[in-house]
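[1] Okay, here's the prediction I keep looking at, along with the sequence it came from:
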Amino acid sequence: MLNKLKKQKKSIQSDTHSYQELSAENIPKHIAIIMDGNGRWAKKRGLPRVAGHREGMNVIRKIVKYSNRLGVNILTLYAFSTENWKRPKTEVDFLMRLPERFLNVELPTLIEENVVVRVTGEKENLPQYTKRAVEKAIEETKHNDGLVLNFALNYGSRSEIIDGIKSVIKDVEGGKMAIEDLNDSTFSRYLMTADLDDPDLLIRTSGELRLSNFMLWQLAYSEFWFTEVLWPDFKEEHFEEAIRVYQKRQRRYGGV
Ligand code: FPP
């Protein structure tokens, strides 16, 4: 008990301390995370890969809470890519159960904490139980106006862009849009993220230095932060470090 109390005290102190170190005026509004390294985390411990995903889910709880406290507007988490279907069926099944498992426990807290749940990705091809879980969460949080917790689920950026192009062509052919009006900002409205500002900061864990078909359009001017830390080991202090580095960067958007 005493240990538990000590631990609690320590975490409150370190949270308060770290929060003060960050500049409250320059918290990235939209943070996107490629949560990588679950499989390696499990392998290192002689556990099945899915144990890494389960642990990864627990990290999400902490990072959502922390993002909310810091005043982040949007947290996008790459939970399942359109390419992840290539994984063994048992792993895919496990991953598809995670939103349900997560939301069964967390939804009441998310509602209470004013979080808005949403999904970017092709929902139609998800198993019924996954779709049901996320749709329930979307419905029950739709009147909230706090942190947007955006799960990129069955998401692939190239197909999103191609679908956007097809819709533009349809609208041009149907006389709803003039080709001269196509530009960065009008095209953005044809993407799944039409109503979201682009990420300010991209974090990828596990030492991999690539985008893996994630938000290729939206990340054009985002700041990137990579870490060797595997996602299941990712803690508030790493998140905070990413934001601290972000705050030191100068964003020039191609200017000087
Ligand atoms: C990549 O690690 C991770 C994923 C493909 C899945 C990420 C999912 C979670 C962290 C949990 C999602 C939870 C909810 C609630 C949606 P990897 O398996 O590719 O790791 P490796 O590169 O070490 O093999």
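    Thanks, I have it. Numbering: from 1, shown residues only.

[2] of all of this structure, which residue lies closest to the ligand?
    The nearest approach of the chain to the ligand comes at G39, 2.4 Å away (C-beta to the nearest ligand atom). For every residue, glycine as well, the C-beta is placed using N, CA and C.

[3] next SSE after the host helix or strand of that residue?
    Take DSSP states H and E as the rule and G39 turns out to sit in helix 38-44. Sequence order places helix 49-70 as the next helix or strand after helix 38-44, per DSSP H and E.

[4] What residues of that next one count as buried?
    By neighbour count on 16 or more other C-beta atoms under 10 Å, the buried set for helix 49-70 is 49-57, 59-60, 63-68, 70.

[5] repeat for stretch 212-226
    For stretch 212-226, by 16+ other C-beta under 10 Å, it's 213-215, 217-219, 222-226.

[6] quick one: is that stretch near the ligand?
    No. With C-beta under 6 Å from any ligand atom as the criterion, the ligand is not reached by stretch 212-226; the gap is at least 9.0 Å.

[7] Please, where are all the strands along the stretch 51-200 of the chain?
    74-81, 116-120, 148-155 (DSSP state E, counting those that start in this stretch).

[8] Pipe the ones you listed into TSV and attach mean pLDDT, mean neighbour count and distance to A242 per row.
    Below are the strands of the stretch 51-200 of the chain laid out as TSV (pLDDT from 0 to 100; neighbours: other C-beta atoms under 10 Å; distance: least, C-beta to C-beta, whole Å):
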stretch	mean pLDDT	mean neighbour count	distance to A242
strand 74-81	98	23	12
strand 116-120	98	22	21
strand 148-155	98	24	18
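
[9] ok so, going back, could I get the buried residues of stretch 212-226 in TSV, plus columns for secondary structure?
    Putting the buried residues of stretch 212-226 into TSV (DSSP: H, G, I helix; E, B strand; the rest coil) gives the following:
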residue	secondary structure
N213	coil
F214	coil
M215	coil
W217	coil
Q218	coil
L219	coil
S222	coil
E223	strand
F224	strand
W225	strand
F226	strand
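
[10] and the residue of the chain closest to the ligand, what is it in contact with?
    By C-beta atoms under 8 Å, 6 or more residues apart in numbering, the residues touching G39 are 49, 52.

[11] Buried by neighbour count: which residues of the helix holding G39 qualify?
    Using 16+ other C-beta under 10 Å as the burial criterion, the residues of helix 38-44 that qualify are 38-42.

[12] ok, now stretch 133-152?
    Neighbour-count burial for stretch 133-152 [16+ other C-beta under 10 Å]: 133-134, 137, 141, 144, 146-152.

[13] Now tell me what touches that stretch from outside.
    Contacts for stretch 133-152 (C-beta under 8 Å, 6+ apart): 32, 64, 67-68, 72-81, 99-100, 103-104, 107, 110-111, 113-121, 123, 126, 153, 196, 214-215.

[14] Distance from the chain centre to it, please.
    Relative to the centre of its chain, stretch 133-152 is centred 13 Å away, using C-alpha atoms, centre = their mean, to the nearest Å.

[15] tell me the contacts of R132?
    R132 makes contact with E100, according to C-beta under 8 Å, 6+ apart.

[16] What is the burial count for E237?
    Using other C-beta atoms under 10 Å, E237 has 12 neighbouring residues.

[17] Please apply the same query to the one 3 residues further on.
    Residues lying near E240 (other C-beta under 10 Å) number 18.
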